[in-house]
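1. Provided below for reference: sequence and predicted model.
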Amino acid sequence: MEKEKVAPETIAQTYFAEKPKQLRVADLEQRFVTNGFPLPAAGQEALNAYGIYFKKQLKSKGIKVGLFLLCAALFLIKIINLFDKVGNVTQIAAFLALTAYALVQGLIWGMQLFQLKEEISSFRDLRKL
């Protein structure tokens, strides 16, 4: 008996719903191969699915990155303004903590987006798609 072919969208949705520790295009490609797709088509389908996933992540995380980095810049301006006044040590410390958090969180999300884009482009270059 021949295996029933599953839609590429379904395979991609189940892969991304599992939230793997590290996202790899090759892992998704292997899922397509195990579901009966030929190797060149599996690679192209994996790239297409990752392209759609990247666009979704860019919309959600990209906006968060922009907002967090903007908040960090605004907090830095507030800190600079507070340095002029004497006796604002607790306010300065609080704004320094908020600035550090916003900056680090924004940079982490930005690096995750960059890593995802690099994974897609390196897979495309490796497979020459």
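-> Here it is on my side, so go on.

2. per-residue pLDDT, the residue nearest the centre of the chain?
-> Residue closest to the mean C-alpha point of the chain, counted by Cα atoms, centre = their mean, is Leu113 at 3.5 Å. For Leu113, the model assigns a pLDDT of 92.

3. distance of the closest residue to it other than its chain neighbours from Asn48?
-> Distances taken as Cβ to Cβ, 6 or more residues apart in numbering place Lys61 nearest to Leu113, at 5.6 Å, with adjacent residues excluded. (C-beta placed from N, C-alpha, C; glycine too.) Going from Lys61 to Asn48 by Cβ to Cβ, to the nearest Å gives 20 Å.

4. more neighbours, the two?
-> Lys61 (17 against 13; other Cβ atoms under 10 Å).

5. so for stretch 46-57, mean pLDDT?
-> Rounded mean pLDDT across stretch 46-57 is 91.

6. next secondary structure after the helix or strand bottoming out on mean pLDDT in the chain?
-> Lowest mean confidence among the helices and strands of the chain (mean pLDDT, DSSP states H and E): helix 8-17, at a mean of 84. Per DSSP states H and E, helix 8-17 leads on to helix 25-34 as the next helix or strand towards the C-terminus.

7. tell me the angle of the following helix or strand past that next one relative to helix 25-34?
-> Sequence-wise, the next helix or strand downstream of helix 25-34 (DSSP H and E) is helix 39-82. Counting by axes from the mean of the first three to the mean of the last three Cα atoms, to 10 degrees, helix 39-82 points 150 degrees away from the direction of helix 25-34.

8. pretty sure Ile92 contacts Lys78?
-> No: the pair Ile92 / Lys78 is not scored as a contact, 9.1 Å apart, by Cβ atoms under 8 Å.

9. so what pLDDT did Met1 get?
-> Looking at Met1, the pLDDT reads 40.

10. mind showing which ranges of this structure have poor pLDDT?
-> Within the chain, the stretches with pLDDT under 70 are 1-4, 86-87.
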